[in-house]
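>>> Pasting the sequence and the predicted coordinates here, then a few questions.
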Number of protein chains: 2
Amino acid sequence: MAVYTEVSDAALGAFLSAYEIGGLLSYKGIAEGVENSNFFLHTTAGSYILTLYEKRVRADDLPFFIGLMEHLSARGLACPQPVRDRAGTALGRLCGRPAAIVSFLEGVSVKAPGVDHCRELGRALARLHAAGADFAMIRENSLSVAAWRPLFEQAEAQADSVSPGLAARTRDDLAVLEAGWPAGLPRGVIHADLFTDNVFFIGDALSGLIDFYFACTDAFAYDLAVCLNAWCFDADGRFDRAMAAALIAGYEAERPLEPAEVAALPILCRGAALRFMLTRLVDWLNVPPGALVKPKDPREYDRRLTFHRQARDARDYGWWG
Amino acid sequence: MAVYTEVSDAALGAFLSAYEIGGLLSYKGIAEGVENSNFFLHTTAGSYILTLYEKRVRADDLPFFIGLMEHLSARGLACPQPVRDRAGTALGRLCGRPAAIVSFLEGVSVKAPGVDHCRELGRALARLHAAGADFAMIRENSLSVAAWRPLFEQAEAQADSVSPGLAARTRDDLAVLEAGWPAGLPRGVIHADLFTDNVFFIGDALSGLIDFYFACTDAFAYDLAVCLNAWCFDADGRFDRAMAAALIAGYEAERPLEPAEVAALPILCRGAALRFMLTRLVDWLNVPPGALVKPKDPREYDRRLTFHRQARDARDYGWWG
């Protein structure tokens, strides 16, 4: 959480002159987003977020992300809406980096969500999947099953130093997941990173979804599996079946799961947990000197995997049919 | 520039329940202020800054800083206005730290100011001095002449590794300043740290002054000397007499300098430059591992001292009588 690039008033003024969003009143670098530099921007026309895309985001992917946010907000989803400049483009350059302005969303991230938050999240997730249905662009999920073994190979030699037996457990998980990973499930645009940081509430009502920089084209039920991992374990890593049931019920209130999706839920949850365990493990073992961002603990997801390995069917996740 | 303390939605909600500033809409950690953790706060009642005071600020000094901002804003100065809670106190505790909410000020810091900005600054500085005249509390300047030799002693052995000859130059400066430091100048509340970061403009008009956490009771003309150092040298360290003349003229339009202040201007400027050189030097030589803040270069102020040592009188600073 940091601002990687300083933006001077003069550079910002020159950048904003291409837009029709009024006169600049104030801007502040905000400590949000692990990958990019973000600024809260207040003009005579309203409040915005200015993002400078740092090197961890592939520039080739930006038209997908920007186009998706534009598509989803045009369909009424509460998500950041990219602002186009006078020339009609929503992706500019500032301080040598790709940059975009999006609408500011009110709301607060809930650190310790409850059942009601999970139900709201489920509804919003299904609405996101519906709103993305006619989005024309495709972006393959670069962090799906095919990416996990190469990630593991970067960390394998040191894995047991993080948690004894982690290397062997991961080898077993990879074998199971690569052999049984479901194909042919309903697919489309998924968020793929809908952690509590990326979901805003005002009071008990969900007010918006942010950070679409892992969004891609993949199975809808995989997105649900990411959320089950991110939202339905307590601070001690214990699975909360009531929260999971509310999340799934909220989702099904908008889009009922197909039988194949229900059947795949345990393996999708196990795969989603492995995906986050592996990226965290690689980051954990490769903290650069002087890093501004504290790496997240991979052991949280190692622990979730213990739960997923023993799950028999969707009922273990609170699904009641 | 960092957020040192994370504040959860639950902790913030409990803290805000003591205030009457409406319902929380959003908050963001902002990358501003070297010493404290700051959050932009938006509620149904307006926009605020929430500050958590970290360990570099002495808790004993907080009533002076908070009281001063309250005093100055009550007299119409555009500065952050502390918000009192229902019990009437403006200084609370959050996440184990002293914390305060102040009004949000619109405006943008100008990285490369011009003559007009300097004139506006001079006016605002004189108004600040006038508005503070009847403030009852006293806080001695803990970074004035008596503090400089102890600071230098922390850095003396390594000073020449930063800039050849710096130790000898500083010894000479200290001898001159300790012998000739003026006493008896008009004094009162000064800001003491009015760098460009701490002055906001909207367009060409000055919209506010922030960051009163070095404010103290000292000579008014010393505050002007701090500003001459901070604002009137260009990016290459060359003195800009036109900017200095505008700064002094702006100040004198509100509060004419007394002859003793005019006469003291060169030594006050030299002292102010030494003060910032020394604190930067100590910080430069003591960067903690994993520091979130990049230290500022002391050599910028070593270079300014070259100018101040050869200045003969206030005319060298653009004062025309």
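Looks like it arrived, so ask away.
>>> Bridged to A:F201, which residues?
With DSSP bridges as the criterion, A:F201 is bridged to A:V108, A:L206.
>>> residues contacting it?
The contact partners of A:F201, by CB atoms under 8 Å, 6 or more residues apart in numbering or on different chains, come to A:107-110, A:117, A:120, A:207. All C-beta spots, glycine's among them, are computed from the backbone N, C-alpha and C.
>>> 10 Å instead?
Contact analysis of A:F201 by CB atoms under 10 Å, 6 or more residues apart in numbering or on different chains lists A:106-110, A:113, A:116-117, A:120-121, A:207-208, B:9.
>>> correct me, but A:A260 touches A:P186?
Yes - here A:A260 reaches A:P186: they are 8.2 Å apart, a contact under CB atoms under 10 Å.
>>> list residues touching both of these two?
Common neighbours of A:A260 and A:P186 (CB under 10 Å, 6+ apart) are A:219, A:221.
>>> I'd say A:A245 and A:F239 touch.
No - judged on CB under 10 Å, A:A245 makes no contact with A:F239 at a distance of 11.2 Å.
>>> overlap in contacts of these two?
Counting by CB under 10 Å, 6+ apart, the common neighbours of A:A245 and A:F239 are A:232, A:317-318.
>>> so which of those comes closest to B:R312?
B:R312 lies nearest to A:C232 out of those, by CB to CB, at 74.5 Å.
>>> How about the contacts made by the closest one?
A:113, A:115, A:118, A:121, A:238-248, A:269, A:304, A:307, A:317-318.
>>> which among those residues are in contact with chain B?
Filtering the contacts of A:C232 for proximity to chain B by CB under 10 Å from any CB of the partner chain leaves A:P113.
>>> Now tabulate the contacts of A:F201 in TSV and tack on neighbour count, pLDDT and distance to A:F15.
Shown next, in TSV, are the contacts of A:F201 (neighbours: other CB atoms under 10 Å in any protein chain shown; pLDDT from 0 to 100; distance: CB to CB, whole Å):
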residue	neighbour count	pLDDT	distance to A:F15
A:E106	16	98	24
A:G107	23	98	26
A:V108	21	97	29
A:S109	18	97	28
A:V110	21	97	33
A:P113	22	96	37
A:D116	15	97	41
A:H117	22	98	37
A:E120	21	98	36
A:L121	28	98	35
A:S207	18	98	28
A:G208	21	98	25
B:D9	17	96	32
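>>> Quickly name whichever of those residues is closest to A:A167.
Of these, the one sitting nearest to A:A167 (CB to CB) turns out to be A:P113, at 32.5 Å.
>>> residues touching the closest one, list them.
A:P113 is in contact with A:120-121, A:196, A:199, A:201, A:230-232, A:240, A:243, A:246-247, B:9, counting by CB under 10 Å, 6+ apart.
>>> Which members of those occur in strands, if any?
A:199, A:201 (DSSP state E).
>>> Now name the helix or strand holding A:A263.
Following DSSP states H and E, one finds A:A263 within helix A:259-285.
>>> now that helix: how far from the chain's centre is it?
13 Å (CA atoms, centre = their mean, to the nearest Å).
>>> With stretch A:75-95 instead?
Counting by CA atoms, centre = their mean, stretch A:75-95 is centred 20 Å from the centre of its parent chain.
>>> quick one: it near chain B?
No - figure legend: stretch A:75-95 not in contact with chain B (CB under 10 Å from any CB); closest approach 12.5 Å.
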